[in-house]
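Enquirer: Coordinates for the following, if possible.
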Amino acid sequence: MKQNPAPHTGSSPSRREFLKTTGQVAAATTLVAAAARPVHAGEDNTLRVALVGCGGRGSGAALDALSVPGSPIKLVALADVFQRRVQNSYQNLSQAKPDQVDVPEERRFLGFDAYQKAMDVLRPGDVVILATPPAFRWVHFAYALDKGLHVFMEKPVTVDGPSTRRFLELVDRSEKTNLKVGVGLMCRHCEARGQLAERIQDGQIGDITTLRAYRVTGPVVQEFTKRKPQGKSELLYQIERFHAFLWASGGLFSDFMIHNIDECCWMKNAWPVEAKAMGGRHYRGDYVDQNFDVYAVEYTFDDGTKLMLNGRIMSGCDNEFASYAHGTKGSAIISSAAHTPARSRIFKGHKFKTSEETWRFEGREPNPYQLEWNHLIDAIRNDQPYNEARRGAEASLVTAMGRMAAHTGRVITREQMLEHEHEFAPDVDQLTMDSAAPLQADAEGAYPLPLPGLVTEREY
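Expert: Next up is the predicted model:
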């Protein structure tokens, strides 16, 4: 794990909460002495940033970028397909960081080609934030590489086999350059998890025998969606509610479960090679999205070790958002309450009893959302190797593997997922405001659903 010598110790709004906390600025941070080169007379060391995808997640990432301590950074362009998101993002970020937002009307771009216009504003060596729905990630990443830009992209980075293969080609290309690439799996930058990973891989709980992960909560965003209102663009409706549609996001499974999967694989220091799963929908009423309410996946690593993942999005049920590791000499809490703080701990038994605790992360946990930006900018300023794109692709592929196993009722291997030919949105790079949506509703306004055991060669 890359760490700065003096990491950020404050807190900032989560990305999902950014638009609800207009004007709240991240708490004061400790200066990172090595983060910025000294500015000499006549030299402009300001990193310019463009934001592509101006929803709460992208705007929150932009705030984190502008909050990196000791480094001159300025936001200079915004891009989205929704005018209100561009305007809201501009207003909120201007209020939070008035001296670092320089985005006049002519640099607020709208449309499916807006990403090009925003990146064209930048110079080689500047930074672009890619925070649109992941279906567009490979398209935007390719253009960023063409422009010689450092990249921060949100997760997941792919949603199906063909887009993963295409993305991995871009990863190969990026690794031959000196460009820095960050991926929004921010838990990898968590100091508590980082210390735990080192201890686990040093053998403090013995050989890992089982990993368990849970994301069982009520509805979070727009993963449950009803029929499109009359008069709305089908394409824009699906992009606006991208968690509901597999082509746009991989659905709630890919967008939500990827963090638990990734942190467990970090502790194991390996990726699963196979998944078998089940899932289903319950009392859904008028909802027509493509998501299941419940997912249960058994991932298998090459040595036979299992990761048991349980996901449920349902109101009125017990909630848990946590990950655990069990070994031959003890056990560990990887995370205990969503993303942060992790409150990572090690126990000599398997009951997580305080009396059996042998280690815990001490002190206040620095915010990993901010740390991932501190680390990326530090790598840019000091020209250090930094590219998380391959790991992001692997995490996205493994997540999709579990999702496909649940949606088809079949055991799915990593190779089967990677080589699968069903591309959810094959013409995503050609979309315009007048295009048909990649997914079409039937005459009743409902969308194709996964049918495990009935439709087994593809997810819908």
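Enquirer: Tell me where the protein has helices.
Expert: 56-66, 83-96, 114-121, 137-147, 161-175, 191-201, 234-240, 246-249, 251-268, 368-382, 389-408, 414-419 (DSSP state H).
Enquirer: Indicate which one of these is closest to residue 428.
Expert: Comparing the helices of the chain against residue 428 with Cβ to Cβ, the closest turns out to be helix 137-147 (6.3 Å). From N, CA and C alone the C-beta is placed, and that goes for glycine too.
Enquirer: And the contacts of that closest one?
Expert: 52, 115-116, 119-120, 122, 124, 128, 130, 132, 151, 153, 157-158, 163, 166-167, 170, 173-174, 177, 179, 389, 428-429 (Cβ atoms under 8 Å, 6 or more residues apart in numbering).
Enquirer: what about burial for the residues you listed, which qualify?
Expert: 52, 115-116, 119, 122, 128, 130, 132, 151, 153, 157-158, 163, 166-167, 170, 174, 179, 389, 428 (16 or more other Cβ atoms under 10 Å).
Enquirer: Tell me the backbone dihedrals of the spatially most central residue of the chain, please.
Expert: Centroid-nearest residue in the chain, with Cα atoms, centre = their mean: residue 155, separated by 2.5 Å. Backbone torsions of residue 155, given as degrees, to the nearest 10, read phi -100, psi 160.
Enquirer: Spatially, what comes nearest to it if we skip its sequence neighbours?
Expert: residue 184 (4.8 Å; Cβ to Cβ, 6 or more residues apart in numbering).
Enquirer: give me phi/psi at that neighbour?
Expert: phi -70, psi 40.
Enquirer: Kindly provide the distance from it to residue 368.
Expert: 10 Å (Cβ to Cβ, to the nearest Å).
Enquirer: cool, residue 191 as well?
Expert: 8 Å.
Enquirer: go on, residue 106?
Expert: Taking Cβ to Cβ, one finds residue 106 at 35 Å from residue 368.
Enquirer: more crowded one of the two?
Expert: residue 368 (25 against 9; other Cβ atoms under 10 Å).
Enquirer: beta partners for residue 151?
Expert: residue 128, residue 181 (DSSP bridges).
Enquirer: My guess is it contacts residue 127. True?
Expert: Yes: if you go by Cβ atoms under 8 Å, residue 151 and residue 127 touch, sitting 7.2 Å apart.
Enquirer: care to break the chain down by domain?
Expert: 18-186+370-389, 188-366+396-430 (automatic domain parsing).
Enquirer: Worst mean pLDDT among those?
Expert: Among the domains of the chain, domain 18-186+370-389 carries the lowest mean pLDDT, at a mean of 89.
Enquirer: For the residue nearest to residue 155, which residues are in contact?
Expert: Contacts of residue 184 (Cβ under 8 Å, 6+ apart): 61, 152, 153, 154, 155, 372.
Enquirer: Specify which member of those is nearest to residue 302.
Expert: residue 155 (23.7 Å).
Enquirer: ok, that closest one - contacts?
Expert: Contact analysis of residue 155 by Cβ under 8 Å, 6+ apart lists 134, 183, 184, 185, 255, 258, 259, 392, 395, 396.
Enquirer: just residue 319 next, same as before
Expert: 216, 217, 218.
Enquirer: now swap in residue 227 and tell me
Expert: Going by Cβ under 8 Å, 6+ apart, the list of residues near residue 227 reads 286, 288, 441, 444, 445, 446.
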